[in-house]
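> Here you go, sequence then predicted model.
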Amino acid sequence: MELRPAHARGANLAQVAARVGADALHLMGPGSARPDGAEPSSVALSGATVDSREVRPGDLFGAFPGFKVHGATFGAQVAAAGAAAVLTDAAGAELLAADAVALPVLVVADPRAAMGEAAALIYGDPSRDLVFVGVTGTNGKTTTSYFIESALRRLHDRTGIMGTVELRIGSEAIESPRTTVEAPVLHGLLARMRDEGVTAAVTEVSSHAAALDRIAGVEFAVAVFTNLQWDHLDFHKTMDGYLDAKARLFEPGRARRAVINVDDEWGRKLAGRVQIPCERVSTRPDAPHLADWSVTWADIGLDGVGSRFIFTDPEGAEHHAESPLPGLVNVSNSMVAIVAAHAAGVPLDDAIAGVAGGHEVPGRMERVIERSDVDPLAIVDYAHTPDALTLALEGVRPITPGRLILIFGSDGDRDQGKRPVMGEIAAQLADIIVLTDENPRSEEPAAIRAAIREGIQKVRPDLHDVHEVEPRVEAVAYGLRLGRPGDTVIVTGKGHEPTQEIAGVFHRYNDRDAYLAAHARIVAEREGGQE
Ligand SMILES: CC(=O)N[C@H]1[C@@H](OP(=O)(O)OP(=O)(O)OC[C@H]2O[C@@H](n3ccc(=O)[nH]c3=O)[C@H](O)[C@@H]2O)O[C@H](CO)[C@@H](O)[C@@H]1O[C@H](C)C(=O)N[C@@H](C)C(=O)N[C@H](CCC(=O)O)C(=O)O
Ligand SMILES: Nc1ncnc2c1ncn2[C@@H]1O[C@H](COP(=O)(O)OP(=O)(O)OP(=O)(O)O)[C@@H](O)[C@H]1O
């Protein structure tokens, strides 16, 4: 899938310079005396990128001072690939000059922020032409984004989504390289969407993206905050620093309206400081907070699927709504999505119906095999932290008349401390455990399983109903075969991921596909047995 439009509106260097700040225009280096004698300021720019490996002729290349290397180091490559100009900082300009890179150079103090503005201009400010919603928060970004998209579809024929799982324009999709793409990719994709009749889109906004200005130049119709939990402090240092990064999405000029979940103290802090019109949402009936929209009652386990809940609107009127996925967290995600879609222009009743009908969130409480009189319910979930595992297992328990069968493992080369903790949680909350591998990476898979087993044994010293099966594809098949019609089988940790990383090699692997392949074999055996 192309990540940029076939024909960009384009801009010249002088226009870009004006957009990123009048005093930013420092045309310098050998490029300022162009061989064709043309004024550098009239150089036409037809695309933008921050990666030398993705330069196309006519591009503006953003050369950033990186954590590892300065992008200007790649000046010669980008010139050879046809870049028309470079936008960088003073250090980058020096590097380009030292390498005698023959391109006009635009120098600014903050190239990451300037690059977003420049890309927005080159692609014709597409975010202003769409109803564009940005979702940030530690957890629930993906789920909430899909719920919002589902509600937006009630009003918009063609929608788009960008996030951890995929980049999708209408029905065309590719795997996503990360949660939030670089600013030029974001603007390029939005421009393609606009050109192809998409009128509303949603993106997840990671805190890294906000901190590194990947949303520069974007104007959101609605900015959404789900929650803030302990995470990513290697990057943001403190929780306040983490909140500051997220808060950038809610600045005047960046977003027109805010929808903020005020269940946690960080949401309340954020709501207290935003300067744009803000809807505060309280989603926990057991711990309500002062808000414009409040969930007042929730019944988990509607028909063995999701939940029913009641909320009040800012006028105090009551509304009945449904979450299509299990667990209280999805009542929360649904409530936030309803308010966000409504703030984005969807009539309230349509927003409620749209969210209730939003089934497909790849790898997030995804129902792969429905419960029937011969099959258990089989679910894939992305929970890969102790908190998320607890919530996932508590979420499916009320929709499980029989036994809860958990298939799981833990990542290699990542937090080791969580392994026994997750083992303990599994032993407390699941009836049957199938212990297996996740992404072992460079670690010995058996050692990771042993650390998890240690936690399990604290609760079940005799390891009853604990099975250890690898590879993962066999564990999924094993767990599914154990399941009887009233049981729920849940495989956690990898969600939508399309690969499994073992000893430096990425193997094609997906939990949903593993279920479906195993189920096909079970069905064939069943039918064979009947003949
Ligand atoms: C920590 C972090 O976010 N790093 C980002 C940062 O990288 P960096 O400063 O280390 O880049 P660098 O390698 O020093 O290179 C400097 C510059 O040279 C460019 N370059 C580099 C090599 C080359 O051959 N050619 C080239 O042009 C790079 O694009 C970059 O602009 O700037 C780069 C672009 O300018 C980003 O691609 C890169 O994201 C990396 C790939 C990444 O993995 N980020 C993760 C942490 C991330 O953003 N994750 C969040 C989700 C977090 C979560 O919720 O779990 C996400 O949104 O996906
Ligand atoms: N509102 C929530 N609060 C806490 N946990 C949640 C919430 N919503 C979902 N989860 C749990 O977190 C997992 C990840 O959910 P989701 O992918 O929607 O979040 P995310 O913020 O997009 O995270 P990631 O960027 O890692 O994908 C889910 O599998 C679920 O177990």
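Sure thing, it's come through. Residues are numbered from 1 along each chain as shown. Ligands and ions are numbered 1, 2, ... in the order given.
> Run through the bridge partners of residue 203.
Counting by DSSP bridges, residue 203 forms beta bridges with residue 134, residue 162.
> which residues touch residue 324?
147, 305-306, 330, 334, 355-359 (CB atoms under 8 Å, 6 or more residues apart in numbering). Quick note: C-beta positions are derived from backbone N, CA and C, even for glycine.
> For the residue nearest to it when sequence neighbours are not counted, give the beta-bridge partners.
Among residues not flanking residue 324 along the chain, residue 306 sits closest, at 4.8 Å (CB to CB, 6 or more residues apart in numbering). On DSSP bridges, the residues paired with residue 306 through beta bridges are residue 302.
> Number of residues surrounding residue 306?
Residue 306 sits with 24 neighbouring residues when counted by other CB atoms under 10 Å.
> try residue 263
Neighbour number of residue 263 under other CB under 10 Å is 22.
> Show me just the buried residues among the contacts of residue 324.
For the contacts of residue 324, a burial check counting by 16 or more other CB atoms under 10 Å picks out 147, 305-306, 330, 334, 355-356, 358.
> now, among those, which is nearest to residue 164?
Of all the buried ones among the contacts of residue 324, residue 164 sits closest to residue 147, with 14.8 Å by CB to CB.
> any idea how far residue 111 is from the closest one?
Distance from residue 147 to residue 111, counting by CB to CB, to the nearest Å: 35 Å.
> same deal with residue 210?
17 Å.
> okay, those two: which has more neighbours?
residue 111 (27 against 24).
> check contacts around that one.
Residue 111 is in contact with 62-65, 87-89, 92, counting by CB under 8 Å, 6+ apart.
> for residue 518, same thing?
476-477, 480-481.
> now swap in residue 354 and tell me
Neighbours of residue 354 in contact, by CB under 8 Å, 6+ apart: 150-154, 341, 346.
> Endpoint to endpoint, stretch 120-137 covers what distance?
One end of stretch 120-137 to the other measures 25 Å (CA to CA, to the nearest Å).
> Buried residues in that stretch, which are they?
In stretch 120-137, counting by 16+ other CB under 10 Å, buried: 120-127, 129-137.
> go on, stretch 487-502?
By neighbour count with 16+ other CB under 10 Å, stretch 487-502 contains the buried residues 487-497, 500-502.
> tally of neighbours for residue 471?
15.
> And it, how far from ligand 1?
As judged by CB to the nearest ligand atom, to the nearest Å, residue 471 and ligand 1 stand 26 Å apart.
> Enumerate every residue touching the closest residue to that residue other than its chain neighbours.
Nearest residue to residue 471, sequence neighbours excluded (CB to CB, 6+ apart): residue 437, at 6.7 Å. For residue 437, the contact set (CB under 8 Å, 6+ apart) comprises 409, 445, 448-449, 470-472, 475, 500, 502.
> Selection in PyMOL covering whichever of those are buried, please.
Those of the contacts of residue 437 that count as buried under 16+ other CB under 10 Å are selected in PyMOL with:
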select buried, resi 409+445+448+449+470+472+475+500+502
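> With respect to ligand 2, which of the contacts of residue 437 is nearest?
The closest of those to ligand 2 turns out to be residue 409 (CB to the nearest ligand atom; 15.2 Å).
> Go ahead and confirm the closest one touches residue 448.
Yes. Between residue 409 and residue 448 a contact is recorded at 6.6 Å, counting by CB atoms under 8 Å.
> any common contacting residues for these two?
437-438.
> Tell me how many other residues crowd whatever residue of the stretch 301-450 of the chain ends up closest to ligand 1.
Relative to ligand 1, the nearest point of the stretch 301-450 of the chain is residue 384 (10.6 Å; CB to the nearest ligand atom). Residue 384: 23 surrounding residues under other CB under 10 Å.
> Which ones among the buried residues of stretch 120-137 lie within strands?
Using DSSP state E, 131-136 are the members of the buried residues of stretch 120-137 that sit in strands.
> re earlier: which ones among the contacts of residue 437 map onto helices?
445, 448-449, 472, 475 (DSSP state H).
> so which pair among those residues is furthest apart in space?
Longest span within those, CB to CB: 448 and 475, 13.4 Å.
> re the thing from before, skip the chain neighbours and tell me the closest residue to the residue of the stretch 301-450 of the chain closest to ligand 1.
residue 493 (4.7 Å).
> ok so, going back, tabulate the contacts of residue 437 in CSV, adding columns for pLDDT.
As requested, those are exported to CSV (pLDDT from 0 to 100):
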residue, pLDDT
409, 97
445, 96
448, 97
449, 97
470, 96
471, 97
472, 98
475, 98
500, 96
502, 95
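> interface residues of the stretch 101-250 of the chain facing ligand 2?
Contact residues (CB under 6 Å from any ligand atom) of the stretch 101-250 of the chain with ligand 2: 139-143, 164, 179, 204, 226-227.
> Residue 380 reaches residue 368, doesn't it?
Yes. Using CB under 8 Å, residue 380 makes contact with residue 368 at a distance of 5.9 Å.
> between the two, which one's more packed in?
residue 380 (28 against 20).
> That one: what's it in contact with?
Each residue near residue 380 by CB under 8 Å, 6+ apart is listed here: 363, 365-366, 368, 490-492, 494-496, 511-512, 515.
> Okay, and which of the residues you listed map to helices?
511-512, 515.
> out of those residues, which one sits closest to ligand 2?
residue 511 (11.8 Å).
> Any figure for the gap between the closest one and residue 476?
6 Å.
> tell me, what's touching the two both at once?
Residues touching both residue 511 and residue 476 (CB under 8 Å, 6+ apart): residue 491.
> okay, the contacts of residue 437 in JSON lines with distance to ligand 2 next?
Output for these, formatted as JSON lines (distance: CB to the nearest ligand atom, whole Å):
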{"residue": "409", "distance to ligand 2": "15"}
{"residue": "445", "distance to ligand 2": "22"}
{"residue": "448", "distance to ligand 2": "20"}
{"residue": "449", "distance to ligand 2": "21"}
{"residue": "470", "distance to ligand 2": "22"}
{"residue": "471", "distance to ligand 2": "22"}
{"residue": "472", "distance to ligand 2": "17"}
{"residue": "475", "distance to ligand 2": "19"}
{"residue": "500", "distance to ligand 2": "17"}
{"residue": "502", "distance to ligand 2": "21"}
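> can you put the contacts of residue 437 in a markdown table and add distance to residue 8?
Compiled in a markdown table, these are given as follows (distance: CB to CB, whole Å):
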| residue | distance to residue 8 |
| --- | --- |
| 409 | 45 |
| 445 | 47 |
| 448 | 47 |
| 449 | 51 |
| 470 | 49 |
| 471 | 46 |
| 472 | 43 |
| 475 | 48 |
| 500 | 38 |
| 502 | 41 |
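> what's the neighbour count on the residue lying closest to residue 465 once chain neighbours are set aside?
Nearest non-adjacent residue to residue 465, counting by CB to CB, 6+ apart: residue 432, 4.5 Å away. Neighbour count of residue 432, defined by other CB under 10 Å: 19.
> With the one 10 residues further on instead?
Residues near residue 442, counting by other CB under 10 Å, number 10.
> Check residue 66 too.
Around residue 66 there are 11 residues (other CB under 10 Å).
> any idea how far it is from residue 52?
For residue 66, the distance to residue 52 - CB to CB - is 12 Å.
> Tell me who's in contact with residue 48.
When contacts are counted by CB under 8 Å, 6+ apart, residue 48 touches 59-62, 115, 118-119, 122-123, 184, 187-188.
> do that again at 6 Å, thanks
59-60, 119, 122, 184 (CB atoms under 6 Å, 6 or more residues apart in numbering).
> Which one (most neighbours) among those residues?
In terms of neighbours by other CB under 10 Å, the contacts of residue 48 top out with residue 119 at 35 neighbours.
> out of the ones in helices among the contacts of residue 380, which one sits closest to residue 372?
residue 515 (14.3 Å).
> ok, now which ones touch the closest residue to the closest one other than its chain neighbours?
Beyond its immediate neighbours in the sequence, the residue positioned closest to residue 515 (CB to CB, 6+ apart) is residue 368, lying 4.6 Å away. Counting by CB under 6 Å, 6+ apart, residue 368 touches 378, 380, 512, 515.
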